[in-house]
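Asks: structure of the sequence below:
(chains A and B)
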Amino acid sequence: MRYLLLTILLFLSSCPAPPKELPLASQLEKMMELSTLEWIYDELIYQSYNKKLLFVETRRKEALFSIRIAIRAGFQFDREKFLDYKKDTLLVYMPPPQILSIDAKEESIRQYFVRERRSALLYPEFQDWINLCAERVKKDALQKGILKECSKRGRKIIKSYLHSLGYQKIKLISQGAQK
Amino acid sequence: MKWLRLLLKIDKLIPLTAALLILIAAFFFLSFKNIFPNFSLVTRQEKGGFLSLLAEKREISRLTTLRYIRRSVFPHDFYDPQVDWELLLNRRKWQRPEKEMQLLSTKEQEHLKLWELCQKIGLDLEDDSCFLVISSEINIGLDLTSQNPKTKILDFKVRDFGSKDYPYPEVEITPEQWKKIIQFVKTPLLRQAEKAGILKKAKKSWKKWQNN
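Replies: Got it, this is the predicted structure:
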């Protein structure tokens, strides 16, 4: 009996303990992401669906609501290969600017109406509409040159930040083509 | 005997008559289809439209150094499983502001808020199979516009699932109800993240990177 208990204790002590600080369904990502521009879009979304049986409407759902969508552009730096020092010059390896996130601001939702007849709006059904909007927003922002503006501003921010830290000679080296 | 013979004759005629009727119906239906090719007994129609407006352009200088992603189950992740809902509702009913002992704690008030929200939405708190999965993201880093930038929470957002990447049961809610859910979950999720020490982790990671 004593040996059995000892074996169980030994087995338990060898088992890796679950992480204490973070809840199970969570994740931490380390990164170096510089956001320089945020464009806000106001979207008005209308969707309707109906089903008829021999000209008689049997089901209907219809909704009109607005939501704000924020699109952020910036740079995703490689944490390891971001800075280098050569002679008396600080080298900054600038990755190409990119769209960092497209975020639908749920707290800005304004629902004008929802009509349901023997049918209901489903989660995540209306998320599909929001995702479609997000795609359109991305296309529009790219057409309006968000990445170009972002690139200019990014260089300015990095230079002034590094100057404030005391670096005098800074050289920004662009990496890759714009996406 | 005559009756029996007649019945036998009718019995033989029934399948023949039925086949004839089906043929006539099919003939009429097909000829109707030829005249109105788009005709169908059941019709489904979907309409939709978006109107987009670029409302604002903001210049920001944010350096994100850490991202905390969390998947939560609403409403079950947002209340104490030991809570006695009936007792709580009774306590609220009999609550008198002048009697301090009877006042509800902040936690109890939050539980009541959740109960009211679920009532409005039509989610049954006692039914475990009634749920929504929410994926949230908290970005931590530095706001470079300030003179002395310090590590802080930069933003909180909800990652939007599409119906293709949502393998859980669909729930009947409207956009307005979805907004209320997000408004409710924001505070507890931020609190949970702070409890998990994400700010400390971000500061530590930033210092380590600066020293390198």
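
Asks: is any part of the strand ranked longest in chain A close to chain B?
Replies: Scanning chain A for the strand with the most residues, using DSSP state E, yields strand A:26-53. Yes: shown here: strand A:26-53 in contact with chain B (CB under 8 Å from any CB of the partner chain) through A:26-53. All C-beta spots, glycine's among them, are computed from the backbone N, C-alpha and C.

Asks: the residue nearest the centre of chain B bridge partners, please.
Replies: In chain B, the C-alpha nearest the mean C-alpha coordinate belongs to residue B:132, at 4.8 Å (CA atoms, centre = their mean). Here residue B:132 shows beta-bridge partners residue B:74, assigned using DSSP bridges.

Asks: now residue B:203. Nearest residue, chain neighbours left out?
Replies: Leaving aside its sequence neighbours, residue B:203 sits nearest to residue B:151 (CB to CB, 6 or more residues apart in numbering or on different chains; 4.7 Å).

Asks: meant to ask about residue B:103, not that
Replies: Spatial nearest neighbour of residue B:103, excluding adjacent residues (CB to CB, 6+ apart): residue B:95 at 6.6 Å.

Asks: from residue B:109, how far off is that neighbour?
Replies: Between residue B:95 and residue B:109 the distance is 10 Å, computed by CB to CB, to the nearest Å.

Asks: also residue B:87?
Replies: Taken as CB to CB, the span from residue B:87 to residue B:109 is 15 Å.

Asks: okay, these two: which has more neighbours?
Replies: The neighbour count for residue B:87 versus residue B:109, taken as other CB atoms under 10 Å in any protein chain shown, is higher for residue B:109 (13 against 10).

Asks: can you tell me how far residue A:77 is from chain B?
Replies: Using CB to the nearest CB, to the nearest Å, we find residue A:77 at a distance of 9 Å from chain B.

Asks: now the phi/psi pair for that residue, please.
Replies: Recorded main-chain torsions at residue A:77 are phi -90, psi 150, according to degrees, to the nearest 10.

Asks: do I have it right that it meets residue A:30?
Replies: No: in this structure, residue A:77 sits apart from residue A:30 without contact. The criterion is CB atoms under 8 Å, and the distance is 11.5 Å.

Asks: show me which of those two is the more surrounded one.
Replies: When neighbours are counted by other CB under 10 Å, residue A:77 comes out ahead of the other of residue A:77 and residue A:30, with 20 against 15.

Asks: name the nearest residue to the more buried one, ignoring sequence neighbours.
Replies: Excluding its sequence neighbours, the residue lying closest to residue A:77 (CB to CB, 6+ apart) is residue A:32, at 4.0 Å.

Asks: against residue A:87, how distant is the one you found?
Replies: Separation of residue A:32 from residue A:87 (CB to CB): 25 Å.

Asks: got a list of what the residue nearest to the centre of chain B touches?
Replies: By CB atoms under 8 Å, 6 or more residues apart in numbering or on different chains, the contact list for residue B:132 reads A:123, B:73, B:74, B:123, B:168, B:171, B:173, B:181.

Asks: show me how far stretch A:55-70 is from its chain's centre.
Replies: A distance of 26 Å separates the centroid of the chain from that of stretch A:55-70, by CA atoms, centre = their mean, to the nearest Å.

Asks: output the contacting helices and strands for the helix or strand where residue B:156 lies.
Replies: Assessed by DSSP states H and E, residue B:156 sits inside strand B:151-159. The contact analysis (3 or more CB pairs under 8 Å, 6 or more residues apart in numbering or on different chains; DSSP states H and E) places strand B:151-159 against strand A:98-117, strand B:42-74, strand B:132-143, helix B:175-195, helix B:198-211.

Asks: hmm, which of the contacts of residue B:132 are the buried ones?
Replies: A:123, B:74, B:123, B:171, B:173, B:181 (16 or more other CB atoms under 10 Å in any protein chain shown).

Asks: now do the phi/psi pair for the first one.
Replies: Translated: residue A:123. Backbone geometry at residue A:123, expressed as degrees, to the nearest 10, gives phi -90, psi 130.

Asks: just the third one next, same as before
Replies: Dihedral pair for residue B:123: phi -90, psi 130, per degrees, to the nearest 10.

Asks: residue contacts, it?
Replies: Under the criterion of CB under 8 Å, 6+ apart, the contact list for residue B:123 reads B:75, B:130, B:131, B:132, B:171.

Asks: ok, now the last one?
Replies: Taking CB under 8 Å, 6+ apart as the contact definition, residue B:181 lies against B:74, B:117, B:121, B:132, B:134, B:173.

Asks: how many residues are close by the second one?
Replies: Just to be clear, that refers to residue B:117. Look at residue B:117: counted by other CB under 10 Å, it has 20 neighbours.

Asks: how far off strand B:132-143 does the helix or strand harbouring it point, in degrees?
Replies: Counting by DSSP H and E, the element that carries residue B:117 is helix B:106-121. Helix B:106-121 runs at 130 degrees relative to strand B:132-143, counting by axes from the mean of the first three to the mean of the last three CA atoms, to 10 degrees.

Asks: for residue 144, give me the pLDDT.
Replies: Defaulting to chain A. Here, the pLDDT recorded for residue A:144 equals 97.

Asks: meant chain B, my bad for not saying
Replies: In the predicted model, residue B:144 carries a pLDDT score of 89.

Asks: now do the end-to-end distance for stretch A:135-153.
Replies: The stretch stretch A:135-153 measures 24 Å between its terminal residues, going by CA to CA, to the nearest Å.

Asks: which secondary element of chain B has the worst mean pLDDT?
Replies: The helix or strand of chain B with the poorest confidence is helix B:2-35; it has a mean of 78 (mean pLDDT, DSSP states H and E).

Asks: wait, what's in contact with the residue nearest to residue B:203?
Replies: If you count contacts by CB under 8 Å, 6+ apart, then residue B:151 has B:65, B:140, B:141, B:142, B:199, B:202, B:203, B:206 around it.

Asks: the second one pairs with what?
Replies: The residues paired with residue B:140 through beta bridges, assigned by DSSP bridges, are residue B:66, residue B:153.

Asks: just name the closest of the contacts of residue B:181 to residue B:160, please.
Replies: The shortest approach to residue B:160 among those belongs to residue B:134, at 10.2 Å (CB to CB).

Asks: good, wrapping up.
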